[in-house]
Each structure stands twice: as structure tokens, then as C-alpha cells.
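1. Requesting a structural model of the entry that follows:
(one chain, ligands or ions: 1)
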Amino acid sequence: MGQDYLEIRGLTVDFDGFKAVDGVDLTLLQGRVHFLIGPNGAGKTTLVDAATGLVPATGLARYRNQDLLSMRSHKIVRAGVGRTFQTATVFEELSVLQNLDIAGGVHRSPFALLRARRGVPSYVAEALETVGLADLRDRPAGVLAHGQKQWLEIGMLLVQDARVMLLDEPVAGMSAEEREETGALLQRIGEERTIVVIEHDMDFVREFADVVTVMHAGKVLMEGSVTEIQASPEVQEVYLGRTVEGTSHA
Ligand SMILES: Nc1ncnc2c1ncn2[C@@H]1O[C@H](COP(=O)(O)OP(=O)(O)OP(=O)(O)O)[C@@H](O)[C@H]1O
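-> Numbers count the residues shown, from 1 in each chain. Below is the predicted model of the structure:
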């Protein structure tokens, strides 16, 4: 099979005349870790909301010949496009394993869900290993550390078989060590997937980005490598005269 990608063309989200996303073109290729950066209010989250069926949009967002903009959010998940939110959305009282099992339910029939499960399905066991939570599988998700909850969410996308993963600030609030582990995780799972990360932490972007897209006022300002982005006077300008370097702790 050829290289997979998510294609976005002329994507526009209009909130009562205010264009939070304004004619965005983006081609997001499998096998790369893409970062979406830009000042607060640039439209990054709204772009992801549009591609995942949470806000109405015009233009095109196409994945494997499916027009995401005309689909309901649960159908988009089934089509292989998954996302996380800035705040973790795990079921705190349920175990790590139960959270993964429920997430995996999107691909099972209601009858399969009703049937008593025997053992841990192999794709769940694999996801547990991949995100490093195998030893914690029976713990309630609520007791996990902040970073571990984000990994659980990524694990939930893995069991959903998300081929495109849109992650909204996954390392916010993480320790340096957790960030490193998250970056390595994204690179590992990104080989076979399309990973798009909204991020403010420039240290993290610098270390793990293959491609960076800078958004400003709903539009794409620039796309390139971290080095190209950081050298751009236009990009520095939108960060209010600070260097991009200086945004790392914004
Ligand atoms: N439901 C809504 N109705 C009206 N305006 C909205 C709505 N959601 C977002 N906006 C506005 O759209 C703009 C883009 O917001 P968005 O959250 O996408 O930016 P962002 O780049 O993700 O910012 P941040 O980095 O702070 O998360 C902001 O001005 C925001 O106030």
C-alpha cells in the first residue's frame, strides 16, 4: 500500500463571522511526526476539532478517500482518525485495562461487547506494552500520574486502530523524563501512522519534530523544519517579537 496521508484543503471554520480557521491547506504524511505550533488563539485546536467532527467546517479534510467534514465524529474514529484533548478523558474509576477495552469497543459489534471477555485481547496487550502501562493494567486510571494518563489516552487510540492521531498538547504538565518517553513513544508509533501534535513547548518540538507548521490568526504562516521555522523573522514576529526559542515556557 502507498503512503497514507491526511489532506486538508481550504479548511475554514467560521464562528459567526469570525474565522478561527481560515483557508488552511495541509498535507500530513504517514511516517512523520508533525507539529502544529502558533500563538494562543491561532486556530490549532479548532482545526483538529473540524477534522474530527466536533465543529462544522467548510473546505476539505480527506483521509483514504473519505470526506471527514461530512462525517459524524464516531464515524471519523472508525475511519481511523483519532484525537486526544488537552485534558485527559479517561474513566478514572475504571482500570487501565478496562479503559483500553472500552476504547477497543468501537470496532466490535454490540454482541461482542456483551459477551464476557476471556483474557486480554492481543491488541490490548500490545497497546499496554507500547505505552508502557502493562504493569499498571489493573490500577484505576484515576491513580495514574499525569503523564501516564496521557499515555493511556494514546493507548486508547492504538486499540481504536487510529492511523491518524491528532494530539492536543500531550506533554503539557509532564516532567522532563515523561516528555522524553512521550517523544520516543510518538516516534515509535509514528512509523506506521500519521501523528500530528499541537504543542507550545519548543524544546519538545525541536527534539521530536519531523515537520512543523506554524499557524497564526487561523492561517498557515509557514511550514518547514525546526531550523527553518526558528530562522524565520515572520515567525518570530507573530510571537510578539520574542524569538521562537523564547516561547518554550510560554
Ligand atoms: N466555539 C467557539 N466559538 C467562538 N469562538 C471560538 C470557539 N472556539 C474557539 N474560538 C476562538 O477561535 C480562536 C482559535 O481558538 P483555538 O482554541 O483553535 O486556538 P489554539 O491555536 O488552539 O490556541 P491555544 O494554543 O490557546 O489552545 C480563538 O480566538 C478562540 O477564542
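2. could you point out where this protein is predicted with low confidence?
-> Scanning the chain for pLDDT under 70 picks out the ranges 1-2, 106-118, 240-250.
3. Going by neighbour count, which residues of the helix or strand hosting A127 are buried?
-> When elements are assigned from DSSP states H and E, A127 belongs to helix 122-130. Buried residues in helix 122-130, counting neighbours by 16 or more other C-beta atoms under 10 Å, are found at 124-125, 127-128, 130. All C-beta atoms are positioned from the backbone trio N, CA, C, and that covers glycine.
4. Distance from that helix to the middle of the chain?
-> The gap between the average C-alpha position of helix 122-130 and the chain average comes to 19 Å, counting by C-alpha atoms, centre = their mean, to the nearest Å.
5. and that helix, what does it pack onto?
-> Helix 122-130 is packed against helix 96-104, helix 146-159, helix 176-190, with contacts defined by 3 or more C-beta pairs under 8 Å, 6 or more residues apart in numbering; DSSP states H and E.
6. Secondary structure class of G59, three-state.
-> Secondary structure of G59, reduced to three states by DSSP: H, G, I helix; E, B strand; the rest coil: strand.
7. how many neighbours does M71 have?
-> Using other C-beta atoms under 10 Å, M71 is surrounded by 18 other residues.
8. and what of the one 10 residues further on?
-> Burial measure for V81: 28 neighbouring residues, criterion other C-beta under 10 Å.
9. Next up, the contacts around the residue lying closest to it once chain neighbours are set aside.
-> Closest residue to V81 apart from its sequence neighbours, by C-beta to C-beta, 6 or more residues apart in numbering: V164 at 4.4 Å. If you count contacts by C-beta atoms under 8 Å, 6 or more residues apart in numbering, V164 has them with 4, 6, 28, 63, 80-82, 193-194, 196.
10. relative to helix 146-159, how tilted is the helix holding A127?
-> Counting by axes from the mean of the first three to the mean of the last three C-alpha atoms, to 10 degrees, helix 122-130 lies at 150 degrees to helix 146-159.
11. Residues contacting helix 122-130, please?
-> Contacting residues not belonging to helix 122-130 are listed as 96-97, 100-101, 104, 120, 134, 137, 155-156, 158-159, 161, 185, 188-189 [C-beta under 8 Å, 6+ apart].
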